[in-house]
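Enquirer: Provide a 3D model corresponding to the input given below.
(one chain, ligands or ions: 1)
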Amino acid sequence: MSWNARALDVLAAGEPTPLIDFPVQAPGIRLLLKDESAQPTGSLRHRHARALFRQAVLDGLVGEGTTVVEATGGNAAVAQAWFARRLGLPYIVVMPGERSQARARAVEALGGECRFVTPPLAIYDAARGIPGHFLDQFGRAAEHDLGEELFAQVRPDWVVTGAGTGATSATLGRWVREHDVPCRVAVADPDNSAYFPGWTLDVPDYATGMPSRIEGIGRPRVEPGFRPDLVDLVIPVPDAASVAAARHLRAVTGLAVGGSSGTALWAALELVERMRARGESGTVVSLVGDAADRHLATYHDEAWAAAKGLDAGPYADELRRRVALRPEGG
Ligand SMILES: Cc1ncc(COP(=O)(O)O)c(C=O)c1O
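Expert: Numbering: from 1, shown residues only. Below you'll find the model as predicted:
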């Protein structure tokens, strides 16, 4: 078997992640969480990494011995290092800022190398300057396998995701359109992100120039992988509401989710509320992007939120009104 054939085997779809029933006070309406924290590397980025490697192998850009390079500070690096190790490829990630052991540890444990660069925006040029193949998760955002997997598990009326590279909403939107499935795709968008204004005003290169405080989603500009034509609705979510919803999600499921899962949950609950008000029944799926103990010191920590000027209190009150706090029998 050739190296490429073996690589494509390694890059075949993984085990499906579970759906979790989430309690809502709305008769006839089900809210399900698609738990991507159950991925082998703990986040939805596992799917992006698999798709990026797969595309690069198919395009002949990555082969036996190719050094693979990326610029990112987040979950993407851990997922990519995991696949690089399984493919036997050297992996180098350029991370923004001063060296941090905490951020380097997970990548280095998988045999990857971390290089830290300041100022943060210099990571892209630094990555391009390293001999090897630059995966470029934003520039080459590759649609992944979530659609196939999710719609084999359930046929929801709505699925709610965030948008970083744009790959997930494009994947889902394309799947429902190509398979003529009557499910709509909503993107939950945090403060400062360009996606909500860009989509609403129909300006494909809209830019806010401001970074998102919700890790993994929300961008200062509309990225090339975001496909407004494959999205049915973009819902703006205040960061304080994302924080309140992330904490609520943890209280109900025990998962120490990141802020982006809160953003999606808040938007999903808005959709549930709209359906309830119209007397509709149906199913809404909301993505859990990741869970990790490090989030306990940020989104789940009151001092962190206060220092960021985020008052989750009023949104937590609203959540208590909207949802039953414990799952049935819990
Ligand atoms: C809830 C959620 N939605 C979406 C994404 C990513 O979106 P995209 O595929 O646009 O990068 C993330 C982070 O990876 C996330 O946590």
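Enquirer: List the contacts of the residue of the chain at minimum distance from the ligand.
Expert: Going by CB to the nearest ligand atom, the ligand is nearest to residue 289 of the chain, at 1.8 Å. C-beta: built from backbone N, CA, C; applies to glycine. Applying CB atoms under 8 Å, 6 or more residues apart in numbering to residue 289 gives the contacts 36, 37, 43, 44, 162, 216, 217, 257, 258, 260, 261, 264.
Enquirer: go on, residue 90?
Expert: Contacts of residue 90 by CB under 8 Å, 6+ apart are 67, 68, 84, 113, 132.
Enquirer: and the gap between it and residue 6?
Expert: 17 Å (CB to CB, to the nearest Å).
Enquirer: Over to residue 93?
Expert: On the measure of CB to CB, residue 93 and residue 6 end up 24 Å apart.
Enquirer: Which one's more surrounded, these two?
Expert: Taking other CB atoms under 10 Å, residue 93 and residue 6 do not tie; residue 93 has more neighbours (30 against 13).
Enquirer: Paired strands for the stretch of helix or strand residue 31 belongs to, with orientation please.
Expert: Following DSSP states H and E, one finds residue 31 within strand 29-35. Next to strand 29-35 in the sheet, as set by DSSP bridges, lie strand 19-22 (antiparallel), strand 282-288 (parallel).
Enquirer: Touching the first one from outside, list them.
Expert: By CB under 8 Å, 6+ apart, the list of residues contacting strand 19-22 from outside reads 30-35, 153-154, 249, 252-253, 265, 285-286, 288, 323, 327.
Enquirer: Buried ones among these?
Expert: For the contacts of strand 19-22, a burial check counting by 16 or more other CB atoms under 10 Å picks out 30-35, 249, 252-253, 265, 285-286, 288, 323.
Enquirer: re the thing from before, sitting in helices, which of the contacts of residue 90 do you find?
Expert: Counting by DSSP state H, those place residue 84 in helices.
Enquirer: Give me the pLDDT value at residue 324.
Expert: With respect to pLDDT, residue 324 scores 57.
Enquirer: and what of residue 13?
Expert: 89.
Enquirer: need the longest helix for the protein.
Expert: Scanning the chain for the helix with the most residues, using DSSP H, yields helix 259-277.
Enquirer: Which residues in it does the neighbour count mark as buried?
Expert: So, applying 16+ other CB under 10 Å, buried residues of helix 259-277: 259-273, 275-276.
Enquirer: Alongside the ligand, which residues does this structure contribute?
Expert: 44-45, 161-169, 216-217, 260-261, 264, 287, 289-290 (CB under 6 Å from any ligand atom).
Enquirer: mind redoing it with 5 Å?
Expert: 44, 161-168, 216, 260, 264, 287, 289 (CB under 5 Å from any ligand atom).
Enquirer: Can you flag the buried ones in those?
Expert: For the residues of the chain next to the ligand, a neighbour count by 16+ other CB under 10 Å gives the buried set as 44, 161-168, 216, 260, 264, 287, 289.
Enquirer: Filter those down to just the ones in strands.
Expert: If you go by DSSP state E, these have 161, 287 in strands.
Enquirer: and which of the buried ones among the residues of the chain next to the ligand is nearest residue 299?
Expert: Nearest to residue 299 among those, counting by CB to CB, is residue 260 at 9.5 Å.
Enquirer: and residue 20, how many neighbours?
Expert: 18.
Enquirer: who does it bridge with?
Expert: Under the criterion used (DSSP bridges), residue 20 bridges to residue 33.
Enquirer: if I look at it, how far off is residue 119?
Expert: As judged by CB to CB, residue 20 and residue 119 stand 40 Å apart.
Enquirer: cool, residue 36 as well?
Expert: Distance of residue 36 to residue 119, given as CB to CB: 31 Å.
Enquirer: Equivalent analysis for residue 126, please.
Expert: 11 Å.
Enquirer: So the two - more neighbours on which side?
Expert: Counted by other CB under 10 Å, residue 126 and residue 119 do not tie: residue 126 has more neighbours, with 17 against 8.
Enquirer: Run through the neighbouring helices and strands of the host helix or strand of the more buried one.
Expert: Element membership for residue 126, per DSSP H and E: helix 123-128. Packing contacts for helix 123-128, counted by 3 or more CB pairs under 8 Å, 6 or more residues apart in numbering; DSSP states H and E, involve strand 68-71, strand 91-96, strand 113-117.
Enquirer: ok, 10 Å please
Expert: Counting contacts by 3 or more CB pairs under 10 Å, 6 or more residues apart in numbering; DSSP states H and E, helix 123-128 is packed against strand 68-71, strand 91-96, strand 113-117, strand 133-134.
Enquirer: Of all the ones you listed, which one is nearest residue 78?
Expert: Nearest to residue 78, of all those, is strand 91-96, at 9.1 Å by CB to CB.
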